[in-house]
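Visitor: I would like the atomic coordinates for the input below:
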Amino acid sequence: MKLDLSRFAYYDSSIFYIINRNVTDTIIIEMREDPLYWWKIYNTSNSQIPTNQIGKIKVDEQNNKWIAIWVN
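Guide: Numbers count the residues shown, from 1 in each chain. This next block holds a predicted model:
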C-alpha cells in the first residue's frame with residue numbers, strides 16, 4: 001500500500017506499508033511542519049513599513065497583517 005500525504009504548511013510525504021492478509025494493524029502518521037511557514041520576517045527591505053521597530057502585529061479574519069510601529 002502507498003499513502004501519499006500532502007497538506008498546506010507540511011512536508012509532502014509518501015509512505016509505503018506492507019499489509020499482511022488476515023492481519024489487523026494500525027498505522028500512526030505524524031506529519032512534520034515545514035519551517036518556512038513558521039515565521040515571516042518583515043523589515044524595511046521586504047515591506048512598506050518605514051522602520052524596523054515594530055510595536056504590535058495583528059492578523060485579522062481575512063489574513064490581513066496589521067502592523068503598529070514606533071515613531072520617534
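Visitor: so where is this protein shaky, pLDDT-wise?
Guide: For the chain, the stretches flagged by pLDDT under 70 are 72.
Visitor: residue 23 and residue 1, how far apart?
Guide: Remark: distance between residue 23 and residue 1 (CB to CB, to the nearest Å) = 13 Å. From N, CA and C alone the C-beta is placed, and that goes for glycine too.
Visitor: helices or strands up against the strand or helix carrying residue 68?
Guide: Using DSSP states H and E, residue 68 falls within strand 65-69. Applying 3 or more CB pairs under 8 Å, 6 or more residues apart in numbering; DSSP states H and E, one finds that strand 65-69 contacts strand 54-59.
Visitor: what about the strand it packs on, distance to the chain center?
Guide: Mean C-alpha position of strand 54-59 versus that of the full chain (CA atoms, centre = their mean, to the nearest Å) differs by 19 Å.
Visitor: ok and it relative to strand 65-69, angle-wise?
Guide: Here the directions of strand 54-59 and strand 65-69 differ by 170 degrees (axes from the mean of the first three to the mean of the last three CA atoms, to 10 degrees).
Visitor: on contacts alone, who are the packing partners of strand 54-59?
Guide: Strand 54-59 sits against strand 65-69, with contacts defined as 3+ CB pairs under 8 Å, 6+ apart.
Visitor: identify the residues contacting the strand it packs on?
Guide: 42, 49, 50, 51, 53, 54, 55, 56, 57, 58, 59, 60 (CB atoms under 8 Å, 6 or more residues apart in numbering).
Visitor: and if you look at stretch 45-57?
Guide: The contact list for stretch 45-57 (CB under 8 Å, 6+ apart) reads 42, 43, 44, 65, 66, 67, 68, 69, 70, 71.
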